[in-house]
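> next input, structure requested:
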Amino acid sequence: MMNLRKLTIAAAGTALVLGATACGTQGTTNGSPQQAPAQTAAPAADGNSGADAYGNGADSGSGAAAGTASGPLAVRDDAELGRLVTDAAGFTLYRFDKDTADPSSSACAGDCAKAWPPVPASATKSGGVDAAKTGSVKRADGTEQLTIAGWPVYRFAKDTAPGQTNGQGVGGTWFAVTPDGKKAGVKEAAEPLPALSLADDAKLGKIIRDGKGRTLYRFTKDTAWPMKSNCEGACLEKWRPAKLVDLNDVEGIDPKKLITYTRSDGTKQLTIDCWPLYWFTGDKTPGDTNGQGVGGTWFAVTANGKLAK
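Prediction:
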């Protein structure tokens, strides 16, 4: 009979006021469960014990693999989930929504760590995952757990063969992990844009966009001194005045350059360096620049209020 050994893994688990400036007219205001060790068996000399490559074997009662193969990580293209990370033996690795990535922290301990064995950082190499994305977090027992983009990663005991993804979506909190630490198979909501920021356009360089990702434009028939819009009537059907923004939610643009313009109908329009700003109804998706150069009078705008050409 082969000798047995135990592997114990446990863990604790404003809007601001738009300032007045001299633009020739006015500047107005805007406004844990009990910890328990998971037993695993060392591999037999004949290699038929069902143990994995670094000494963690299958649970004799359930047949569920409890360990994670040592060696380099790999990336697999799953037909349903897309790109995901596996251990060296091809078993899917997972992340847990109740953990945190910044700072890295594991909330899976005790019985949870039996069902979801933490991947030891000491037994793995970055392999197919960018080494800059991998790291480790110290668990309560002092062992180091592998992280990807800060997220602690785990195996699932009910994945009994390479390629399985039985842990996907369990409890609405467990998901296969992608090479960049995201949840595989889940379309995550994009991070909201600032109210005003810069887009890096391949042709025009860095140009101003609003919080919906729409390119903002200037009209060369307007004037900055005195500050005046010459887009009226039918013009406004295609070129909509940009709304005022929260100056605390501006990125890459000097808030001091953002001034309020009161239009002839009393509505407020955002300006930069005293030039009125607009968005174009002909831009259908975020990042479009279909208004660039229209009529030789409409142009996207740089961070300092200049025309992008």
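> what does the least confident helix or strand in the chain by mean pLDDT contact?
Lowest on mean pLDDT, DSSP states H and E among the helices and strands of the chain sits strand 124-125, with a mean of 86. Residues outside strand 124-125 that contact it (C-beta atoms under 8 Å, 6 or more residues apart in numbering): 68, 70-73, 87-88, 134, 146. For every residue, glycine as well, the C-beta is placed using N, CA and C.
> got the CA positions of the helix or strand that that strand is followed by in PDB?
Using DSSP states H and E, the helix or strand that follows strand 124-125 towards the C-terminus is strand 134-138. Presented in PDB, the C-alpha positions along strand 134-138 are these (Å, rounded to 0.1, in the frame of the first residue of the first chain):
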ATOM      1  CA  THR A 134       0.000  36.600 -12.300                       C
ATOM      2  CA  GLY A 135       0.800  37.000  -8.600                       C
ATOM      3  CA  SER A 136       0.000  35.500  -5.200                       C
ATOM      4  CA  VAL A 137      -1.900  36.200  -2.000                       C
ATOM      5  CA  LYS A 138      -1.100  34.800   1.400                       C
END
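> in strand 134-138, which residues are buried?
134-137 (16 or more other C-beta atoms under 10 Å).
> and stretch 279-297, by the same measure?
In terms of neighbour count (16+ other C-beta under 10 Å), stretch 279-297 has its buried residues at 279-280, 283, 289, 291-292.
> just the mean pLDDT for it, thanks.
For stretch 279-297, mean pLDDT rounds to 96.
> hmm, back to that, and of the buried residues of strand 134-138, the nearest to G163?
Relative to G163, the closest of the buried residues of strand 134-138 is T134; by C-beta to C-beta it sits at 22.0 Å.
> against I272, how distant is the closest residue to the closest one other than its chain neighbours?
What sits nearest to T134 in space, not counting adjacent residues and going by C-beta to C-beta, 6 or more residues apart in numbering, is S126, at 4.7 Å. S126 sits at a distance of 45 Å from I272 (criterion: C-beta to C-beta, to the nearest Å).
> comparing those two, which shows the higher neighbour count?
Shown here are S126 and I272; by other C-beta atoms under 10 Å, I272 has more neighbours (24 against 16).
> quick check: closest non-adjacent residue to the more buried one.
With C-beta to C-beta, 6+ apart, the residue lying closest to I272 is G305, at 4.2 Å.
> for that neighbour, give me the pLDDT.
Confidence at G305, expressed as pLDDT, is 96.
> which SS class is it?
Per DSSP: H, G, I helix; E, B strand; the rest coil, the secondary structure class of G305 is coil.
> do E191 as well
Quick answer, by three-state DSSP: E191 is coil.
> W298 contacts W239, doesn't it?
Yes. With contacts counted by C-beta atoms under 8 Å, W298 reaches W239, the gap being 7.2 Å.
> shared neighbours of those two, which are they?
Joint contacts of W298 and W239 (C-beta under 8 Å, 6+ apart) are 217, 219, 278, 280, 291.
> ok, the third one - contacts?
If you count contacts by C-beta under 8 Å, 6+ apart, Y278 has them with 216-219, 231, 239-242, 298.
> what does the fourth one give?
For F280, the contacting residues are 214-215, 217, 238-240, 290-291, 294, 298, taking C-beta under 8 Å, 6+ apart as the criterion.
> change it to 10 Å
Residues counted as contacts of F280 (C-beta atoms under 10 Å, 6 or more residues apart in numbering) are 214-217, 238-240, 288-292, 294, 298, 300.
> now do the phi/psi pair for it.
Backbone geometry at F280, expressed as degrees, to the nearest 10, gives phi -110, psi 130.
> again, but for the third one
Taking degrees, to the nearest 10, you get phi -140, psi 160 for the backbone angles of Y278.
> what are the bridge partners for it, then?
Y278 has these beta-bridge partners by DSSP bridges: Y217, P241.
> so how far is T271 from it?
Separation of Y278 from T271 (C-beta to C-beta): 10 Å.
> what touches both of the two?
Both Y278 and T271 are in contact with 218, 222, 229, 241-242, where contact means C-beta under 10 Å, 6+ apart.
> sorry, back to before: quick one: which of the contacts of F280 is nearest A161?
D288 (47.0 Å).
> now the closest residue in space to that closest one that isn't next to it in sequence: how far from D283?
Counting by C-beta to C-beta, 6+ apart, D288 lies nearest to T215, which is 6.5 Å off, once chain neighbours are set aside. For T215, the distance to D283 equals 6 Å [C-beta to C-beta].
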